[in-house]
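Q: Sequence and predicted structure below; questions after.
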Amino acid sequence: MQSVNNEIAKIFSRIADSLEILDENGFKINAYRKASRNISSMPDSLEEFDGERELSTIPGVGKDLSQKIIEHRLTGKIAYYEEIKKQVPDELAELLDIRGVGPKFLRILVKRFGVTDIESLKETIASPEILEVDGIGKKKIEQISRSVEVFEGGKKRMRLTEAHPLATAIKEEIEEIPGVLRAELAGSLRRMRETVANIDIIASAENGAEVLERFADLGFVKEVLRKTENGARVLTQAGVRTDLLVVEPRFYASALQNLTGSRAYNSRIREIAASKNLEVSPVGIRNGEGYFSSEEEIYESLGLQYIPPELREDRGEIEAARGGELPALVETEDIRGDLHVHSTWSDGAATIRQMAEKTASLGYEYVAITDHSPSSRIANGLSIKRLLQKKEEVDEINAEGVGIRLLMGSEVDILPDGSLDYPDEILRELDFVVASVHGSFLMEEDKMTKRICGALENPNVDALGHPTGRLIGQRDPYKVDIDAVIETAKNHGKALEINSSYKRLDLKDTLARKAVEAGVKIIVSTDAHRIPHLERIIFGVGTARRGWVKKTDVVNTYSLSELLKWLASHDS
Ligand code: DGT
Ligand code: ZN
């Protein structure tokens with residue numbers, strides 16, 4: 001849910017940009033620009049202003065703009081804005097975000113060269129004719145080409161699983177800068193959103209200016225894009241935009257709070273702060289003395305339970321926190337075993353013994369070694385003969401004792417007709433079976449649904465692996481009726497997986513939430529094919545937390561004996 005203030009502010013700002021491109025009267029442009037700014041930073045919701053008269057008391061919002069706000073309230077649309085969008089489509093308006101491309105230059109690009117979007121802009125600035133424009137030289141064009149690269153890079157979102165390790169390494173370098181007292185990831189990374197546009201980091205120090213200078217000199221920095229009094233934006237060698245904000249220690253909690261939630265969340269929190277007579281500054285909420293010592297203290301002052309960063313999206317968590325009804329989210333420390341890992345028996349890079357040693361060192365009580373089944377030929381799936389040999393090795397290692405209980409498992413393919421890749425009498429001998437779709441993705445929805453539900457109905461199957469098959473930024477989920485899958489899992493006491501693999505995070509947050517709301521159990525697994533993958537569990541747990549998943553929903557938070565009991569509960 002986006003707050004009305006945000007929505008209107010965005011529309012007005014977009015109208016101002018468009019009018020600039022259309023070369024309209026400057027007075028009108030400034031009016032929209034000013035109203036947009038005031039509305040986005042004001043603490044009260046527009047909804048609290050009854051009619052046109054009240055609305056026009058907002059600084060910068062006169063009669064004309066009040067009418068537009070009312071029109072939006074009544075119809076969900078503003079006719080004038082719809083008209084403007086026809087003349088200046090989004091792909092054109094967004095070009096103003098390219099540094100060096102001001103409205104005047106963009107007008108020339110449109111009128112003289114027919115530029116409509118980023119592609120045509122790139123062609124135009126690469127053509128020799130562009131140098132015939134007054135005041136445009138080679139240098140200027142070089143600068144704009146560079147800005148275009150940054151613009152395109154900034155539009156791409158990175159996968160959380162790739163950005164997070166990079167961001168953590170940068171954060172650790174910042175912590176080493178003299179004078180830095182604390183540093184933390186903020187923004188979408190702290191919320192563990194599955195993709196992020198940039199790396200946001202916040203630090204506290206008394207000597208902010210010095211810290212920012214040292215930051216800009218760090219080895220990973222390729223280019224400094226922008227510097228302000230208390231912040232810097234740089235591009236890493238790999239082209240990732242990284243923003244650092246440095247604040248005085250006493251403002252740290254406020255600034256961290258301010259820089260974590262989604263925009264929609266932040267504006268609702270600001271409204272609540274204003275209603276509690278707290279000071280709402282652009283860099284965070286302040287109290288009488290000017291600071292809070294922790295985020296917990298801020299939430300207490302707002303009359304809310306502490307809201308964990310992963311929930312700060314304005315998806316109902318504010319209401320829940322007000323009613324003291326936030327769920328007790330699962331934590332990485334709650335995880336007592338990994339139920340989906342591969343070994344050298346199929347396509348893993350580590351032996352069973354190496355996987356066992358590493359998972360034991362993570363403090364786990366159990367690990368299920370779930371290699372592939374025969375149909376996954378590229379993944380060196382195990383024939384029945386090899387499966388039985390592997391079982392012997394698992395038994396041996398268990399008998400020897402390596403500080404962790406190995407579960408003899410399989411990640412068994414769900415074949416196109418819904419049958420499984422091993423016969424029942426073989427599956428029955430396994431401790432843990434996760435069933436997954438690895439091929440024939442392009443099926444009609446009802447066939448795919450039948451296929452997957454059929455597998456879940458098999459009493460030997462314990463969980464459904466990566467339930468939707470999506471790959472972030474690469475492949476859409478296959479067509480499946482997820483509600484039917486959830487219902488079948490529920491009826492048969494089966495778990496659905498949150499797979500922590502870097503492209504998967506599948507189930508995703510919103511679907512995980514749907515599943516636990518329906519009372520379905522979850523396994524959070526790594527699907528590790530190498531030792532370092534075992535540490536990716538934090539991303540699965542992060543996804544679970546974003547999906548409001550509680551510790552009690554997650555099967556692999558159980559002790560070994562509880563787990564075995566759960567496994568027995570749905571066997572035939
Ligand atoms: P991203 O970067 O698209 O993956 O997502 P975020 O949430 O990190 O967004 P970003 O980097 O634009 O902003 C960082 C933080 O600052 C985030 O917590 C939202 C907050 N923020 C940024 N701009 C505004 C704004 O105009 N209004 C409000 N209320 N908050 C903002
Ligand atoms: Zn961000």
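A: Received it, and whenever you're ready, just let me know what you need. Ligands and ions are numbered 1, 2, ... in the order given.
Q: which residues of the stretch 251-400 of the chain fall in strands?
A: Assigned by DSSP state E, counting those that start in this stretch, the stretch 251-400 of the chain shows strands spanning 279-281, 284-286, 337-341, 366-372.
Q: Output the last one as CSV, restricted to C-alpha atoms.
A: Provided in CSV are the C-alpha atoms of strand 366-372 (Å, rounded to 0.1, in the frame of the first residue of the first chain):
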residue,chain,number,x,y,z
TYR,A,366,21.0,-33.2,11.5
VAL,A,367,21.6,-32.9,7.8
ALA,A,368,19.7,-34.7,5.0
ILE,A,369,22.0,-35.6,2.1
THR,A,370,19.5,-35.3,-0.8
ASP,A,371,21.3,-36.1,-4.1
HIS,A,372,19.5,-36.1,-7.4
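Q: Starting from it, tell me which strands it pairs with and how they run.
A: Take DSSP bridges as the rule and strand 366-372 pairs in its sheet with strand 337-341 (parallel), strand 405-413 (parallel).
Q: Tell me how many other residues surround R268.
A: R268 has 22 neighbours, counted by other CB atoms under 10 Å. Bear in mind the C-beta positions are built from the backbone N, C-alpha and C, glycine included.
Q: Distance-wise, check it relative to I69.
A: 19 Å (CB to CB, to the nearest Å).
Q: go on, Y252?
A: From Y252 over to I69 the distance is 36 Å, taken as CB to CB.
Q: out of the strands paired with strand 366-372, which comes closest to ligand 2?
A: Nearest to ligand 2 among the strands paired with strand 366-372 is strand 337-341; the distance by CB to the ion comes to 30.2 Å.
Q: what residue ranges in this protein score low on pLDDT?
A: In the predicted model of the chain, residues 1-2, 153-154, 289-290, 571-572 satisfy pLDDT under 70.
Q: which parts of it sit against ligand 2?
A: Taking CB under 5 Å from the ion as the contact definition, the chain meets ligand 2 at 187-188, 198, 200.
Q: Out of the residues you listed, who's the most crowded?
A: Busiest of those [other CB under 10 Å] is S188, holding 24 neighbours.
Q: need the strands of the stretch 251-400 of the chain in CSV with distance to H492 and mean neighbour count, can you?
A: Formatted as CSV, the strands of the stretch 251-400 of the chain follow (distance: least, CB to CB, whole Å; neighbours: other CB atoms under 10 Å):
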stretch, distance to H492, mean neighbour count
strand 279-281, 51, 16
strand 284-286, 48, 22
strand 337-341, 17, 28
strand 366-372, 19, 27
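Q: Kindly reformat these as CSV containing distance to D395.
A: Output for the strands of the stretch 251-400 of the chain, formatted as CSV (distance: least, CB to CB, whole Å):
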stretch, distance to D395
strand 279-281, 63
strand 284-286, 58
strand 337-341, 18
strand 366-372, 12
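Q: looking at the ones you listed, which is closest to E411?
A: Taking CB to CB, strand 366-372 is the member of those nearest to E411, at 4.3 Å.
Q: distance of the residue in the chain positioned nearest to ligand 2 from R545?
A: Of all residues in the chain, G187 sits closest to ligand 2, at 3.3 Å by CB to the ion. As judged by CB to CB, G187 and R545 stand 16 Å apart.
Q: May I have stretch 282-290 as CSV, with CA atoms only?
A: Extracted in CSV, the C-alpha atoms of stretch 282-290 (Å, rounded to 0.1, in the frame of the first residue of the first chain):
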residue,chain,number,x,y,z
PRO,A,282,14.2,14.7,7.0
VAL,A,283,16.9,12.5,8.5
GLY,A,284,14.6,10.8,11.1
ILE,A,285,12.4,11.1,14.0
ARG,A,286,13.6,13.1,17.0
ASN,A,287,12.2,13.4,20.5
GLY,A,288,12.4,16.3,22.9
GLU,A,289,16.1,16.0,23.7
GLY,A,290,16.8,15.4,20.0
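Q: For N5, give me phi and psi.
A: phi -60, psi -50 (degrees, to the nearest 10).
Q: wait, doesn't it sit right on F49?
A: No: because the distance of 10.7 Å does not satisfy CB atoms under 8 Å, N5 is recorded as not touching F49.
Q: who touches the residue of the chain closest to ligand 2 in this structure?
A: The contact partners of G187, taken as CB atoms under 8 Å, 6 or more residues apart in numbering, are 196, 198-200, 243, 259-260.
Q: Could you tell me which of these count as buried?
A: 196, 198-200, 243, 259-260 (16 or more other CB atoms under 10 Å).
Q: So which of these sit within strands?
A: Applying DSSP state E to those, the entries found in strands are 196, 199-200, 243.
Q: The closest residue to E71 other than its chain neighbours and A31, how far apart?
A: Nearest residue to E71 in three dimensions, chain neighbours excluded: I78, at 5.4 Å (CB to CB, 6 or more residues apart in numbering). In this view, I78 and A31 are 15 Å apart by CB to CB.
Q: Neighbours of the closest residue to R353 other than its chain neighbours, how many?
A: Nearest residue to R353 in three dimensions, chain neighbours excluded: I397, at 6.1 Å (CB to CB, 6+ apart). Other residues within reach of I397, judged by other CB under 10 Å, total 17.
Q: Kindly report the same for K139.
A: 8.
Q: Got phi/psi on it?
A: The phi/psi pair for K139 (degrees, to the nearest 10) is phi -60, psi -50.
Q: Quick check: which of the strands of the stretch 251-400 of the chain is nearest to K171?
A: Nearest to K171, of all the strands of the stretch 251-400 of the chain, is strand 284-286, at 19.7 Å by CB to CB.
Q: Quick one: residues in contact with that closest one.
A: Here strand 284-286 has contacts from 251, 254-255, 257-258, 269-270, 273, 278-280, 292, 298, 301-302, using CB under 8 Å, 6+ apart.
Q: Which of those residues are buried, as a ChimeraX select command?
A: Buried members of those, defined by 16+ other CB under 10 Å, are picked up in ChimeraX with:
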select :251,254,255,257,258,269,270,273,278,280,292,298,302
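Q: CA atoms only for stretch 485-503 - export them in PDB, please.
A: Provided in PDB are the C-alpha atoms of stretch 485-503 (Å, rounded to 0.1, in the frame of the first residue of the first chain):
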ATOM      1  CA  VAL A 485      -0.500 -26.800  -3.800                       C
ATOM      2  CA  ILE A 486      -0.800 -25.100  -0.400                       C
ATOM      3  CA  GLU A 487      -4.000 -26.900   0.300                       C
ATOM      4  CA  THR A 488      -2.700 -30.300  -0.700                       C
ATOM      5  CA  ALA A 489       0.500 -29.800   1.400                       C
ATOM      6  CA  LYS A 490      -1.800 -28.900   4.300                       C
ATOM      7  CA  ASN A 491      -4.100 -31.900   3.900                       C
ATOM      8  CA  HIS A 492      -1.200 -34.300   3.700                       C
ATOM      9  CA  GLY A 493       1.000 -32.800   6.400                       C
ATOM     10  CA  LYS A 494       3.800 -32.000   3.900                       C
ATOM     11  CA  ALA A 495       6.200 -29.100   4.000                       C
ATOM     12  CA  LEU A 496       6.900 -26.500   1.300                       C
ATOM     13  CA  GLU A 497      10.500 -25.400   0.900                       C
ATOM     14  CA  ILE A 498      12.100 -22.000   1.100                       C
ATOM     15  CA  ASN A 499      15.100 -22.700  -1.000                       C
ATOM     16  CA  SER A 500      18.000 -20.300  -0.200                       C
ATOM     17  CA  SER A 501      19.900 -20.800  -3.400                       C
ATOM     18  CA  TYR A 502      21.100 -17.500  -4.800                       C
ATOM     19  CA  LYS A 503      18.800 -17.400  -7.800                       C
END
